[in-house]
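# Attaching a predicted model along with its sequence, questions to come.
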Amino acid sequence: GGGGGGDVEDLGGSAGGSSGGGGPELCSFYETLESQGTDAMLPAAVYTLEEMKELGKAKGWCPYFLGRHVIAFANVVVYNYQYLLDPKIS
């Protein structure tokens with residue numbers, strides 16, 4: 001199973017999510033990612049941001065939290081150099 005996380009509220013209105021017993025509405029993409037676990041997510045490959053978004057859409061997974069998980073296993077990460085220099089941005 002996956003670790004970390006916690007509840008993620010769906011701040012985007014009616015874009016999905018589960019409406020339960022009086023609690024906050026949760027993002028269905030995050031909930032699906034957490035319920036399926038984060039142990040064996042992606043085959044080893046090079047993924048672009050667009051491919052991560054497409055994979056998330058196809059599988060019902062949150063591409064943001066998927067990316068946060070798999071970055072720990074990446075051999076190379078490419079991102080904006082400003083994020084490396086200014087910790088206030090990240």
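Nice, I can see it. Residues are numbered from 1 along each chain as shown.
# Check the chain for its longest helix and report it.
When the chain is parsed with DSSP state H, its longest helix is helix 49-59.
# C-terminal to that helix, what's the next element?
Sequence order places helix 63-70 as the next helix or strand after helix 49-59, per DSSP states H and E.
# quick one: that next one to helix 49-59, angle?
Put simply, helix 63-70 runs at 110 degrees to helix 49-59, going by axes from the mean of the first three to the mean of the last three CA atoms, to 10 degrees.
# in helix 63-70, what counts as buried?
Across helix 63-70, burial judged by 16 or more other CB atoms under 10 Å covers 63-67, 69. Glycine gets a C-beta too; all of them are placed from N, C-alpha and C.
# Tell me if I am right that L33 is in a strand.
No - counting by DSSP: H, G, I helix; E, B strand; the rest coil, one finds L33 to be helix, located in no strand.
# isn't it right next to G67, touching?
No - proximity of L33 to G67 does not meet the contact threshold set by CB atoms under 8 Å, at 10.8 Å.
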